[in-house]
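Novice: When you get a sec, could you give me coordinates for this:
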Amino acid sequence: MIRLQKLLAEAGLASRRTVEEWIRAGRLTIGARTARLGDRATAEDEIRLDGQPLALATSGATPAEVLLYYKPVGEVTTRSDPEGRPTVFDRLPPPAAGRWISVGRLDVNTSGLLLLTTDGGLAHRLMHPSGEVAREYRVRVRGRPSAPVLERLRAGLTLEDGPARFDAVQPVAGAEREGSHSSFLVSLREGRNREVRRLWEAAGFTVSRLLRVRYGPIELPPDLRPGGWRRLGAHELALLRAAAQPQEPGAGRREGPTGRPARRRGGPSASK
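Specialist: Purely as a prediction, here's the structure:
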């Protein structure tokens, strides 16, 4: 038996925080009684929300799905928006069971690879700092950062919520033809709010375009257009689950395409 919040989150029905809100409001029942904070349950228990039974994953249930989505600029990574802006969930196909949970977020002005899954436990592990799952971005900045500036970004700068750094900063071939702008591939292993943009701003440069091209072992397909999606296959899903495993203290991580190992850091997975 596991905590009710964890059980429903791993079934892809809601976040743990949302389940807590349901419990506090008296909307969940286990069997014939109202659920309480601290209750534990299994997938075999009769759990209802507002009197309606919830379908939980069992050994014979539909397996979890993972969707790769190419988020365009202008969409928000929420289910609804008070300003009426389009959300990433507007374009997604319905899952076979449960609901889509986004693995982290991308802010409205950031585009690129966004993973979504019906497996709440997998989403949590991929976002948790202990996993140190690498995220890679192609970033375009105004101006020409010097070699000392790039080294500062690798060594670390102090932001308002603490020190931060890129694991790697690599110029993109052909950047010298971009006039007053420069392009780089950067990677990091945490997801603090707008961290990529804030690091460049702390170094004195403004980001004019930001595209996420990799999350862990999954890369943005070159033939996928903004607004497009595809489901991950069994091999990709296995690689993603392996990347989501917490690292033992002192254990090294695989190097990403930009080739620099990471320092261990904390922080929630959020938008860039």
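Novice: At which residues are the strands of the stretch 1-150 of the chain located?
Specialist: 2-3, 28-30, 33-34, 40-41, 47-49, 52-53, 66-71, 101-102, 111-117, 135-142 (DSSP state E, counting those that start in this stretch).
Novice: got those strands as TSV, with mean pLDDT, distance to residue 214 and mean neighbour count columns?
Specialist: Where you see a C-beta, it was placed from the backbone N, CA and C, and this is true even at glycine. Below are the strands of the stretch 1-150 of the chain laid out as TSV (pLDDT from 0 to 100; distance: least, CB to CB, whole Å; neighbours: other CB atoms under 10 Å):
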stretch	mean pLDDT	distance to residue 214	mean neighbour count
strand 2-3	88	32	13
strand 28-30	94	38	19
strand 33-34	94	45	10
strand 40-41	91	37	16
strand 47-49	90	37	18
strand 52-53	80	39	8
strand 66-71	97	11	22
strand 101-102	91	16	22
strand 111-117	96	7	23
strand 135-142	96	4	21
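Novice: Let me have those in a markdown table, adding distance to residue 211 as columns.
Specialist: Converted to a markdown table, the strands of the stretch 1-150 of the chain look like this (distance: least, CB to CB, whole Å):
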| stretch | distance to residue 211 |
| --- | --- |
| strand 2-3 | 38 |
| strand 28-30 | 40 |
| strand 33-34 | 47 |
| strand 40-41 | 42 |
| strand 47-49 | 38 |
| strand 52-53 | 41 |
| strand 66-71 | 10 |
| strand 101-102 | 17 |
| strand 111-117 | 4 |
| strand 135-142 | 5 |
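Novice: Which parts of the stretch 151-272 of the chain are strands?
Specialist: 157-159, 162-164, 168-171, 181-188, 207-215, 218-219, 229-231.
Novice: other SSEs contacting the third one?
Specialist: It refers to strand 168-171. In terms of contacts (3 or more CB pairs under 8 Å, 6 or more residues apart in numbering; DSSP states H and E), strand 168-171 is packed against helix 147-155, strand 181-188.
Novice: buried ones in the first one?
Specialist: By 16 or more other CB atoms under 10 Å, the buried positions in helix 147-155 come out as 150, 152, 153.
Novice: For residue 201, find the nearest of the helices and strands packed on strand 168-171.
Specialist: Evaluated over the helices and strands packed on strand 168-171, closeness to residue 201 peaks at helix 147-155, with 11.2 Å, by CB to CB.
Novice: now that closest one: mean pLDDT?
Specialist: Mean pLDDT, computed over helix 147-155, is 96.
Novice: What of stretch 221-232?
Specialist: Rounded mean pLDDT across stretch 221-232 is 96.
Novice: And that stretch, what's buried?
Specialist: 229, 232.
Novice: Can you give me the end-to-end span of it?
Specialist: Taking CA to CA, to the nearest Å, the first and last residues of stretch 221-232 lie 11 Å apart.
Novice: So what's the gap between it and the chain middle?
Specialist: Centroid displacement of stretch 221-232 relative to its chain, using CA atoms, centre = their mean, to the nearest Å, is 17 Å.
Novice: got the contact list for that stretch?
Specialist: Defining contact as CB atoms under 8 Å, 6 or more residues apart in numbering, one finds that stretch 221-232 is touched by 65-73, 91-93, 111, 218, 240.
Novice: one step back: nearest approach to residue 236 belongs to which of the strands of the stretch 1-150 of the chain?
Specialist: strand 66-71 (7.6 Å).
Novice: Quick one: list the elements packing against that closest one.
Specialist: strand 111-117, strand 229-231, helix 234-243.
Novice: Compare these and give me the one nearest residue 145.
Specialist: Once the helices and strands packed on strand 66-71 are compared by CB to CB, strand 111-117 is nearest, at 21.3 Å.
Novice: Tell me which of the strands of the stretch 151-272 of the chain lies nearest to residue 49.
Specialist: strand 229-231 (27.2 Å).
Novice: Just checking: what are the partner strands of that closest one?
Specialist: strand 66-71 (antiparallel) (DSSP bridges).
Novice: hang on, the earlier thing: and the helices and strands packed on strand 168-171: which comes nearest residue 121?
Specialist: Of the helices and strands packed on strand 168-171, nearest to residue 121 by CB to CB is strand 181-188, at 23.6 Å.
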